[in-house]
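# Provide a 3D model corresponding to the input given below.
(chains A and B)
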Amino acid sequence: MPSVLVVDDQDQVRHLIKETLEQAGYEVEEARNGKEGLERYRTKSADLVIMDILMPEQDGLEGIITLRREFPDARVIAMTGGCESIGVLNFLDIATMLGATRTLHKPFELKVLLDTVAAEVMN
Amino acid sequence: MTAGLFLGLLLLVGLSLWIAIREHRENVLKSRVIAATNCGVLVTDATLPHYPVIYVNPSFLSLTGYAEHDVVGQTTAILNGPATDRASIEKLAWALQDGRACRVSLRQYRKNGTSFWNEVTLSPIEDRTGRVRSVIWVMRDVSRLLQAETGVHKVPSPTFLCDLASEGMLVTTEFEVVYVNKTGLKILGAESAEQVIGSQYLDIVHLELREAVRLWIGQTVGSSQSTRRLETQLLRCDGQGVVVELSVAPLMWDGNESVLIRFSEISRQRQPETQSLHGRNRLGQGQTIADSENWGWTISEGAEIWSEEHYRVFGYEPGSVPPTYETFKKVLHPEDRDRVLTLVEETFSSDRPYDIECRIIQPSGDVRFVRCRGVLIQGSSDQPIRMSGTIEDITDYRLIAAMAEDRDLQFKTVMESVPNGMLMVRQDGTISLVNSSVERMSGYVREELLGRPMECLLSARDRDQQREARAACFTSIASDSTDISQEWHGLRKDGSEFPVKVCFHPVHLSKGRTILITMIDLTAREQAEQSLVDIEARFDLAVLAGRVGIFEYDHRTNTHHWSPMLREIYGVSAEESPSLERYLELVHPGDRERMHRAALCVPDTGREGLDTVEHRLVRPSGSIRHISLRTLTQFEGEGSMRRPMRTMGMVVDITDRVHSEMVVRVVKEIETMRTLTGGIAHELNNSLTAVLGFSELALALIPAESKAHRHLIQVIGAGRKAREVAYRIRRAIDHASTYSVSRPIEQAPSTLSIEVSDAVGPRG
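Predicted coordinates:
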C-alpha cells in the first residue's frame, strides 16, 4: 500500500486530502509544517510527500530543501492556494526547481488530486 | 774755491736738515693733534685696493670698542651692520672714487654690536702730483644730537616747521625747484607752491642777475661757505622785483643732491641795515674781524667784537648786549652748555680748533641749533694772541635735512612696502637700486644685483627687446613720452623662468637720466587666468551635460537674456525675443497664476537668496514638460532705496524625473495591492478547497434523488464559481505586475482596475 505524507497548516485541507487518499487505498500521515513533516518523514518514510508552500514555522520551499537535502530520493508534490512569487517566478515554479516533481493549485477537484498522486506513485 | 764749495754744500745739507726737522716736527704735531682729538680718526691707504686702514687714533678705538689690530688692515666696512643706510655707504664710496670730501651721518656698529649714529667726514689727502695717497676719516658719535633733534622735531613735522620760518626757503635740484615754504611763496607773490615747484630756480631771479647768481651759488655750494650771503633781486609772480638776501647750503633731498636757498626780503625788513651790513668791519672801535668770521677776541686787550650777524644769531639787536664770553655762556642751552664750554676752553690748552653743534636759547625763548667754530691764534712763543670764529644758525638746515631724511625714509618705506618689484637702472643698464620684492622674485640678494646689468633678471630671449625698450625710454625722457610696458620672461637666480610684466618709467634726477622699473610677477595672474578658463570650461560642460538653461533679467534696463539651452527646454526658437510675458505664456495654465505672483513679488521681498520652484510648461508643440526653476536676485541700495538689480536663473527639465517618481509610486501601489489580494486569494483558495472537496465526498454518500444531494450540488457549483473568480484574480495580479513596468505609467492604474474589474465581474 503506497504511503503519502501530507504537510499543510490548514487542518480542513489536510483532513480532506487524508480522507480522499485513504478512501483510494493510500496510507496517509499528516504534519502541520515543513519542520514537523521532516521529523515525521525521518520516523517513517513515505512514497510521496504533498507539501503546501505557505505555512508558519517553516514554509514549504524550505521544507522541500531540507527534505531533499537529507533524502534526495524523496518525491514531493508542491501545493498552494496563493499567487506569491519572487520576481517573475511564482512559488510553484520555484518548488519545481527545488525538486518538486508535480504541483497542485488549490482549490482542486478530488479527481485531479487522485490522478496527480496516482501518476506520481506509478512513476 | 774748495772752501766755497764746502760752505755751499754745508748750507745745502743744513737747509735739508732744517726742512726735514721742520717736517718731522709738523708730522709729530699733526699726529699729536690727531691723537688728542676727541673725534675718532682713521686713515686709509688710497693707493691700495679696498682702501685698507693704516692708522686709527685712540678716540676711534674708544668710540668703537675695537683694538688697533682689529682695524688696521681691514676696511671701514667692519663698522657697517644691518641698519646701516646703503645710500650713505654708496655716497661715501662715490666720494672715495672721485677723490673728494664728503660728510654723511649713518648708523654704524661697535665691536660689541651696539649701534651709534656716526657723522663721518671724509677728506682725501693728495700728494704733490695731485694724486690721492690717503684718506682721513673723522668720525663723531652724534647719536645724542640726533636724539635731541628728533625730540625737537618729532611734532610738528619738518615741513610744518619750515612753513613757520620767517625767511623764504626753497629747495632746488640742478634742474627744478622741488620745495618752497610759505614765507618763500609770500615773498615771491605766489598763491600756491605749484606756481614755483617744477620751474627752474633761475626763473625767479631778475633776468640781468641770473648768470651772477648762478655762478655765486655754484661757488658757495662748492666751497661749503654756508655763511656767505648775496644781495640780489628776485622776480615776483606779478613781474615786480624784490630785493633779497640769499644764503645757500648743499642738501640731500629725496636722495638727490640739492641746494637749499634761503632768502629774506631786504626791501621790507632790513633795508635800513643794508648799509651797515657792508660796514660790519668798522665795528668795535678799530677792532676788525675777517669776512669769514663773525666774532673775534683780542686777548691782550680783552676786547671782544661781534658782528651784526652774530648778534642776530643770538636773537639780540646789534649792540644791545655786551659782546662777552659771559653773554655767550648765557645763551647756550643748559643741556649743551658744559659740553660746549669744555671744548672751547680746551682750545686754549690743546691748541686745537673747535667745531661743535649745539643749541642756544634766544631771548624770545626760541631754541635754535648753531654750529660754533673757533680757533686760537698763538704768537711765536706759543702765547695766545687772539681767538676768533663763527657761529652759524643751522636750524633751518637741520629742519630741511630732517625733512629730507623724512622724505628719504618715506621713499624707502614706499619702495619696500609695494608688492611689486622696483628697481632703478642707470643709462648703461646697470642696477642702482632694488627693493626687497625684486629679491624675493628673483632669488638674488640686493648686493648681488647692485651694479649688475638688469638683463640678469630677464630670460635671454627677451634681452634684445629689453635693451630696445630701455633705449626708447631714455629717449622718451626728453619728449615726456608715456611709460613703456612689456610682458616678458623673468629669470631667477636658479635659472627658472617666470612670467613678468616690466614697466619702464623715465625719471630725470639731478644725477642725470635714469629709469624706474617696476616688475610684476604674473605667475599668480596666469594661474588665476588658467583657473578661470578651467572653471568656465567646467561650467560650460556642466551646463551642457546637465542640460541647464540659463536666463538673466536686468531690472534696471528691463532686458532679458535666454541661453540656447533654455530656448531648447522651452521649445522656442533663437529668433524669438525673450520676455517675462512670453515665459508666462509658456507656463502651464494650471501653474501660471502661481508663477506670475512669484515673478511680481521679487522686487518686494528685498531678500537675496536662492529660490526654487517647480512648475509645468507647455511647449509651442503642445508637449508638457516639468521644469525646475532656481532663481537668485541681486539688489542694490539700502533701506527705501533698495532696488532689484539683476535676477539670474537656472532651468532644468525634470520631466523624466517626475515620470520616474510616478512609476515608482504606481509600482509601490501595485505591490501593496498584489500583496493584499494575494493574501485574500490564498485564504479563499484554502477554504474553497475544503468546501469543494468535502462537498464532493459528502455527495458520494447521499442518495442522488435526495434533497440534500441537490443542495450539495448547488454548494459545489457556487464553490467552483468562487474558485474561478479566485483564479482570475490571481491571473490579473500576475499580469499587472509585469504590465506596469512595460507600459506608460499614465495607463497603469486604469489597466489594473480594468483587469481586477474583469476578474470580479460587474458589481451588483
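# CA atoms for contacts and neighbours, from now on please.
Noted.
# what separates the residue nearest to B:Met648 when sequence neighbours are not counted from B:Pro564, distance-wise?
Closest residue to B:Met648 apart from its sequence neighbours, by CA to CA, 6 or more residues apart in numbering or on different chains: B:Glu552 at 4.4 Å. Per CA to CA, to the nearest Å, B:Glu552 is found 13 Å from B:Pro564.
# what's the answer for B:Ala599, then?
Applying CA to CA, the value for B:Ala599 to B:Pro564 is 22 Å.
# More neighbours: the two, which one.
B:Pro564 (16 against 12; other CA atoms under 10 Å in any protein chain shown).
# which residues touch the more buried one?
B:Pro564 makes contacts with B:549, B:574, as judged by CA atoms under 8 Å, 6 or more residues apart in numbering or on different chains.
# Could I get the phi/psi values of it?
phi -60, psi -40 (degrees, to the nearest 10).
# Likewise for B:Asp464?
The phi/psi pair for B:Asp464 (degrees, to the nearest 10) is phi -60, psi -50.
# burial measure for it, as a count.
Neighbour tally, B:Asp464, other CA under 10 Å: 11.
# ditto for the one 10 residues further on
One way to gauge burial is a neighbour count; for B:Phe474, by other CA under 10 Å, it gives 22.
# Is it in a helix, a strand, or coil?
helix (DSSP: H, G, I helix; E, B strand; the rest coil).
# which residue sits closest to it, ignoring its sequence neighbours?
Excluding its sequence neighbours, the residue lying closest to B:Phe474 (CA to CA, 6+ apart) is B:Pro506, at 6.4 Å.
# what helix or strand is the one you found on?
strand B:497-509 (DSSP states H and E).
# so what does that strand touch, helix or strand wise?
helix B:463-479, strand B:484-491, strand B:512-521, helix B:523-545 (3 or more CA pairs under 8 Å, 6 or more residues apart in numbering or on different chains; DSSP states H and E).
# So the closest residue in space to B:Met169 that isn't next to it in sequence versus chain A, what's the distance?
Distances taken as CA to CA, 6+ apart place B:Arg262 nearest to B:Met169, at 4.6 Å, with adjacent residues excluded. Going from B:Arg262 to chain A by CA to the nearest CA, to the nearest Å gives 109 Å.
# Equivalent analysis for B:Leu96, please.
Distance from B:Leu96 to chain A, counting by CA to the nearest CA: 103 Å.
# Check that residue and give its pLDDT.
Predicted confidence (pLDDT) at B:Leu96: the value is 81.
# Next up, the contacts around the residue nearest to A:Asp9 when sequence neighbours are not counted.
Spatial nearest neighbour of A:Asp9, chain neighbours left out: A:Arg32 (4.5 Å); criterion: CA to CA, 6+ apart. Counting by CA under 8 Å, 6+ apart, A:Arg32 makes contact with A:7-11, A:55.
# Quick check: which of those has the minimum pLDDT.
Ranking these by pLDDT, A:Met55 lands last with 88.
# Please pull out the lowest mean pLDDT helix or strand from the chain.
In the absence of a named chain, this looks at chain A. strand A:85-86 (a mean of 64; mean pLDDT, DSSP states H and E).
# Not quite, go with chain B.
helix B:271-278 (a mean of 36).
# Let me have the helices and strands packed on strand B:497-509 in CSV, adding distance to B:Asp366 and mean pLDDT as columns.
CSV is the format used below for the helices and strands packed on strand B:497-509 (distance: least, CA to CA, whole Å; pLDDT from 0 to 100):
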stretch, distance to B:Asp366, mean pLDDT
helix B:463-479, 46, 77
strand B:484-491, 51, 88
strand B:512-521, 40, 84
helix B:523-545, 57, 86
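# among the ones you listed, which is the most enclosed?
Of all the helices and strands packed on strand B:497-509, strand B:512-521 has the most neighbours on average by mean count of other CA atoms under 10 Å in any protein chain shown, namely a mean of 21.
# by contact count, what packs against it?
Against strand B:512-521 (3+ CA pairs under 8 Å, 6+ apart) you get strand B:421-425, helix B:463-479, strand B:497-509.
# Using CSV, write out every CA atom in it.
Extracted C-alpha coordinates of strand B:512-521, given in CSV (Å, rounded to 0.1, in the frame of the first residue of the first chain):
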residue,chain,number,x,y,z
GLY,B,512,71.1,112.5,-14.6
ARG,B,513,68.7,110.3,-16.5
THR,B,514,67.6,107.1,-15.0
ILE,B,515,64.7,104.6,-15.3
LEU,B,516,62.4,103.4,-12.6
ILE,B,517,61.4,99.9,-13.5
THR,B,518,58.5,98.0,-11.9
MET,B,519,58.4,94.2,-12.2
ILE,B,520,55.1,92.4,-11.6
ASP,B,521,55.3,88.6,-11.2
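# Would you give the sheet partners of that strand, along with the direction of each?
strand B:421-425 (antiparallel), strand B:497-509 (antiparallel) (DSSP bridges).
# So what touches that strand?
Where contact means CA under 8 Å, 6+ apart, the residues beyond strand B:512-521 that reach it are B:420-427, B:438, B:441, B:470, B:473-474, B:477, B:498-508.
# Just the buried ones out of those, please.
Buried members of the contacts of strand B:512-521, counted by 16 or more other CA atoms under 10 Å in any protein chain shown: B:420-426, B:438, B:441, B:470, B:473-474, B:477, B:498-507.
# After the helix or strand harbouring B:Ala87, which helix or strand is next?
Using DSSP H and E, B:Ala87 sits in helix B:86-98. Downstream of helix B:86-98, the next assigned helix or strand under DSSP H and E is strand B:102-109.
# Which SSE is immediately downstream of that following strand?
Next along the chain after strand B:102-109, taking DSSP H and E as the criterion, comes strand B:115-126.
# packing partners for that following strand?
With contacts defined as 3+ CA pairs under 8 Å, 6+ apart, the packing partners of strand B:115-126 are strand B:102-109, strand B:132-141, helix B:143-153.
# any idea which of the ones you listed scores lowest on pLDDT?
helix B:143-153 (a mean of 55).
# burial count for B:Ser300?
Neighbour number of B:Ser300 under other CA under 10 Å is 9.
# sorry, back to before: and the residue nearest to B:Phe474, how far from B:Val425?
From B:Pro506 to B:Val425 the distance is 10 Å (CA to CA).
# coming back round to it: going by mean pLDDT, which of the strands paired with strand B:512-521 comes out lowest?
strand B:497-509 (a mean of 84).
# residues in contact with that one?
Contacts of strand B:497-509 (CA under 8 Å, 6+ apart): B:256, B:459, B:469-470, B:473-474, B:476-477, B:482-492, B:513-523.
# For the residue nearest to B:Met648, list each beta-bridge partner.
Where B:Glu552 sits in a bridge, its partners, by DSSP bridges, are B:His561, B:Met648.
# contacting residues around residue 103?
No chain in the question, so chain A it is. Per CA under 8 Å, 6+ apart, neighbours of A:Thr103: A:77-79, A:92, A:96.
# Switch to chain B, please.
B:92, B:119-122.
# Show me where chain A has its strands.
A:3-7, A:27-31, A:48-52, A:76-80, A:85-86, A:89-90, A:102-105 (DSSP state E).
# Chain A contacts on chain B?
B:678-679, B:681-690, B:692-694, B:696-697, B:723, B:730, B:734, B:738 (CA under 8 Å from any CA of the partner chain).
# Okay, now the sheet partners of whichever strand or helix holds B:Leu260, with direction.
According to DSSP H and E, B:Leu260 maps onto strand B:256-265. Using DSSP bridges, strand B:256-265 pairs in its sheet with strand B:168-172 (antiparallel), strand B:241-253 (antiparallel).
# Point out where the stretch 1-150 of chain B drops to low pLDDT.
B:1-38, B:128, B:144-150 (pLDDT under 70).
# Try it again at 50.
Applying pLDDT under 50 to the stretch 1-150 of chain B flags the ranges B:29, B:33, B:36, B:149-150.
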